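*Asks:* Give me a model of this one.
(chains A, B and C)
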Amino acid sequence: MFIKNAWYVACRPEELQDKPLGRTICGEKIVFYRGKENKVAAVEDFCPHRGVPLSLGYVEDGNLVCGYHGLVMGCEGKTVAMPAQRVYGFPCNKVYAVMEKFGFIWVWPGEKNLADETLLPVLEWADHPEWSYGGGLFHIQCDYRLMIDNLMDLTHETYVHSSSIGQKEIDESLPITKVEGDHVITERYMDNVIAPPFWQMALRGNKLADDVPVDRWQRCHFFAPSNVHIEVGVAHIGHGGYEAPKDKKVSSIVVDFITPETETSHWYFWGMARNFQPKNTVLTDQIRKGQGKIFTEDLEMLEQQQQNILNNPQRKLLMLNIDAGGVQSRKVIERLLTEERHATVKSEVAKFPNIHVV
Amino acid sequence: MFIKNAWYVACRPEELQDKPLGRTICGEKIVFYRGKENKVAAVEDFCPHRGVPLSLGYVEDGNLVCGYHGLVMGCEGKTVAMPAQRVYGFPCNKVYAVMEKFGFIWVWPGEKNLADETLLPVLEWADHPEWSYGGGLFHIQCDYRLMIDNLMDLTHETYVHSSSIGQKEIDESLPITKVEGDHVITERYMDNVIAPPFWQMALRGNKLADDVPVDRWQRCHFFAPSNVHIEVGVAHIGHGGYEAPKDKKVSSIVVDFITPETETSHWYFWGMARNFQPKNTVLTDQIRKGQGKIFTEDLEMLEQQQQNILNNPQRKLLMLNIDAGGVQSRKVIERLLTEERHATVKSEVAKFPNIHVV
Amino acid sequence: MFIKNAWYVACRPEELQDKPLGRTICGEKIVFYRGKENKVAAVEDFCPHRGVPLSLGYVEDGNLVCGYHGLVMGCEGKTVAMPAQRVYGFPCNKVYAVMEKFGFIWVWPGEKNLADETLLPVLEWADHPEWSYGGGLFHIQCDYRLMIDNLMDLTHETYVHSSSIGQKEIDESLPITKVEGDHVITERYMDNVIAPPFWQMALRGNKLADDVPVDRWQRCHFFAPSNVHIEVGVAHIGHGGYEAPKDKKVSSIVVDFITPETETSHWYFWGMARNFQPKNTVLTDQIRKGQGKIFTEDLEMLEQQQQNILNNPQRKLLMLNIDAGGVQSRKVIERLLTEERHATVKSEVAKFPNIHVV
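*Replies:* Purely as a prediction, here's the structure:
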């Protein structure tokens, strides 16, 4: 079950240039393309003529042309033309609300008329001259909620990422979890530790000594429907840790957009936004490569976890203190799913004016 | 559902030399091999002893020897020998009517005693000194009827084959469809056009100018159960188009035998028969390569169409004027399937002499 | 259906060094690892915390550490520690009886408290100074009983292994099958024949002439639950065949441990134990390579047999005299399965003291 009436990252702009892009999101098979004035459109990926994916076609004059027999699909899901045909009566395709903002293309896989631009998350670092972003995309064969669990409990860094960002002190510092509406925060602070290799590289990248003790922090934020942003950083000790001045610390935001594909697969848009050396593109590449390598280490674990859970439906998983971030995030999702179901029932019932729901 | 009591192309002779060939046709897993005097036999591909495919064995003295324990299967489906065994009581394998003619091996996957050689299609160009044939085989993961649709509506050439045989004028010339019994004909004529690249090559191959306007035609013939032959060609304008004399045109027959494997896969025997330069084997190879490349362009479209249709069972496809060829061909198939079912019921009922069907 | 309360070969010691090994046996997903004092442990491959396979972790101080969040699993299926957690109430994992003996690691996938070391097969050749062993492991996609059939009817050597150990005289010498409790024996003797290539190599390996007539024998032993050991050999004629003195024959034991994985797949531990030239490791390698190549020839046959049988559930297979070894072995398995089911029911009923089974 997915929250359908919400914004999800569909793709990066560089994935959507001249050619249409077919992608399944929350179970909806959608074709994305750039219509008139380069505006992104999102339509059901099914040609009403013979059922081929429209994503095998091409874009012409801002419309999507089916690659089989030339049906021209408009951005509103209506066939606008077809050679030698009257298309007036052709059945409409479902269309989806879609936006391009903050360096991502966002889709609302539910009811288009409920799509609300103000609900889009605000990414303060995006398009900001003092910030820089680099990232990538993985296609992962597991329930998107297993990825949320993963990111809301960074204890796994000690084990899965032992050679880069893991360190024993993570285990020893219990996280604290708070819930504020649809926002879940899990924080962990490790004071007076030696920075692990990835953070040593980042310190050097910000022209700071990498061999002195540091205070390290991780502040994981879950936002509905399924985004996790993590404030991470290290500061030379004695300068206030998370609150240290910019020239004593190196910090960034791990940016994770987790877009469900099917019940057991998702699109994982990972990246890092940083506010040090923002113009240094060599450093951006270096960080992207390092992060890509680290996040690759999670893949086998998550996909095998999925298989193991499917094979053991009778087993209940534990919910320990370290799991609170994931547990609370799942509760938010559950609550929103319930609300969405109620709203759907209510709107169906509203179609029958003689029924009054008390 | 397949028409079972009909001739299908099973394989090309070059596929069936020394070794047996296992192939599933209309859901029947069959082993083909050359028995005595090189005559082709077709038997259920299942060893009555331990169930291995007989196609993993070898041919000896005109019989098929099982590669596991040496059971010798005769062409009539009876085990004729097995080392140190009396084989009299061994269960029989199903056998299939099979013929070698016109450069193909044909099989009748239904009731052997209903197989009628006179029902074999007559290929006038085969074994004819003024004609030459070249072709190939694709294994395609879609319902064979999607291939029939494809071939009975050549509008797709404009889109799928835009760099070889496609041209805008195809769209503009509506086809006309006729039904004559089990034979469906869809014709399209494009007068005074420039030949697209494939036909320019063919014009040169027949020593004709390739840069003058031509009249172009496509005459698609569907024959039950699932063969499509298409008369195609171009003639220098002013000479009668399809009726032009041989030295003013270049024409050929696109030969398509579409043999169902399962409900969602088929064997596609494609080729071209031509009556110009029949001895020119270099030209034959050149055409085969060109045609193979063109037909490869359909594969992804057809296989993704199949997946999209399976994923959207609630969606009805459109049936436009350009689809009339496929729609009528499917009607012929439906009618023959119904007739086949009735005949089966009748023959079952006939086994009970006291029941009279009014 | 598998016999669960029995010893199966789980792996070779060389597969289980520093890292844990995940393997499914009789439908049970098990992680094997070396605990304290190098003793092998076998635990359900499922972390009670978040469900990942424990086999993705590592061994530390004789315990298995989960590679995701550091849960420490003890050899008895109890979590012994986890960073910053009280583990007292964690649910237990299933544990399996496991032993290392005779150069193999054995597991009892059923009830641990029924595991009986005295039921382990006695391998007289193992750890014996006059014997040497070499072997390998195949993962095969077929019911383990098809492999038992294969090994209990060596008639197939004539067909599947015609260039190495097959010869026409195998067909001509009917085997004799006896049953002694859970032990099935099928014997075949071929007197005064020419040794096929593999045996010529073995004769030379034992410094015997390879071009004189020999007496050849095959004595297949099935032991429950699913092991087949085959005494094979050739002796120069006139010296008593199987009973010939050591300097007139070359003989060995084909050692097959067949461990079910799922209903349609198994782990096949094959090998050969010989009592000639036991210190000659070059010869051991040569035999292993030869045997590996020969046994590879069975793979396609067995896997396609499995598919063909699944596709033809209505067909009954023949049970000829040559199949008696497999047929009797399957009867032993069926009887033991029935006994196991009865024992389970009895032990369940025994939990209700007021019910008396008469």
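*Asks:* contacts and neighbour counts: CA atoms only from here.
*Replies:* Will do.
*Asks:* Near chain B, which residues of the stretch 51-200 of chain A? Just list them.
*Replies:* The stretch 51-200 of chain A comes close to chain B at residues A:51-53, A:56, A:67-70, A:83-85, A:90, as judged by C-alpha under 8 Å from any C-alpha of the partner chain.
*Asks:* So what sits opposite the nearest residue in space to A:Ala6 that is not next to it in sequence in the bridge?
*Replies:* Counting by C-alpha to C-alpha, 6 or more residues apart in numbering or on different chains, the nearest residue to A:Ala6 once its immediate chain neighbours are dropped is A:Trp108, at 5.4 Å. Bridge pairing for A:Trp108 (DSSP bridges) gives the partners A:Ala97.
*Asks:* ok, A:Trp108 - how many residues close by?
*Replies:* 28 (other C-alpha atoms under 10 Å in any protein chain shown).
*Asks:* and it, what is it in contact with?
*Replies:* A:4-8, A:96-98, A:115 (C-alpha atoms under 8 Å, 6 or more residues apart in numbering or on different chains).
*Asks:* Between which two of those is the distance greatest?
*Replies:* A:Lys4 and A:Val98 (13.3 Å; C-alpha to C-alpha).
*Asks:* who has more neighbours, these two?
*Replies:* A:Val98 (24 against 20).
*Asks:* State the distance from the closest residue to the more buried one other than its chain neighbours to A:Ala273.
*Replies:* Nearest residue to A:Val98 in three dimensions, chain neighbours excluded: A:Val107, at 4.4 Å (C-alpha to C-alpha, 6+ apart). Relative to A:Ala273, A:Val107 is positioned 22 Å away (C-alpha to C-alpha, to the nearest Å).
*Asks:* More neighbours: which of the two?
*Replies:* A:Val107 (27 against 21).
*Asks:* Does that one touch A:Lys101 like I think?
*Replies:* No. At 10.9 Å, A:Val107 does not count as touching A:Lys101 under the criterion of C-alpha atoms under 8 Å.
*Asks:* for the stretch 201-350 of chain A, what spans make up the helices?
*Replies:* For the stretch 201-350 of chain A, helices defined by DSSP state H, counting those that start in this stretch occupy the ranges A:281-311, A:324-349.
*Asks:* how about chain A, which residue sits the furthest from its center?
*Replies:* Using C-alpha atoms, centre = their mean, the residue of chain A lying farthest from its centre is A:Ala84. It sits 43.3 Å away.
*Asks:* So it lies in a strand, does it not?
*Replies:* No. According to DSSP: H, G, I helix; E, B strand; the rest coil, the state of A:Ala84 is coil, so it is not within a strand.
*Asks:* Quick one: residues contacting it.
*Replies:* With C-alpha under 8 Å, 6+ apart, A:Ala84 has these contacts: B:171-172, B:174.
*Asks:* if we go to 7 Å?
*Replies:* When contacts are counted by C-alpha atoms under 7 Å, 6 or more residues apart in numbering or on different chains, A:Ala84 touches B:171-172.
*Asks:* Who are the contact partners of the residue in the stretch 251-358 of chain A that chain B sits nearest to?
*Replies:* Of all residues in the stretch 251-358 of chain A, A:Thr262 sits closest to chain B, with a separation of 13.0 Å (C-alpha to the nearest C-alpha). If you count contacts by C-alpha under 7 Å, 6+ apart, A:Thr262 has them with A:26-27.
*Asks:* confidence score at it?
*Replies:* At A:Thr262, the pLDDT value in this model is 97.
*Asks:* now do A:Phe276
*Replies:* 88.
*Asks:* so it makes contact with A:Asn206?
*Replies:* Yes. A:Phe276 lies in contact with A:Asn206 (C-alpha atoms under 7 Å); the separation is 6.4 Å.
*Asks:* State the phi and psi torsions of the closest residue to chain C within the stretch 151-300 of chain A.
*Replies:* Nearest residue of the stretch 151-300 of chain A to chain C: A:His156, at 4.7 Å (C-alpha to the nearest C-alpha). Dihedral pair for A:His156: phi -60, psi -20, per degrees, to the nearest 10.
*Asks:* Compute the number of surrounding residues for it.
*Replies:* 22.
*Asks:* nearest spatial neighbour of it, skipping sequence neighbours?
*Replies:* C:His69 (4.7 Å).
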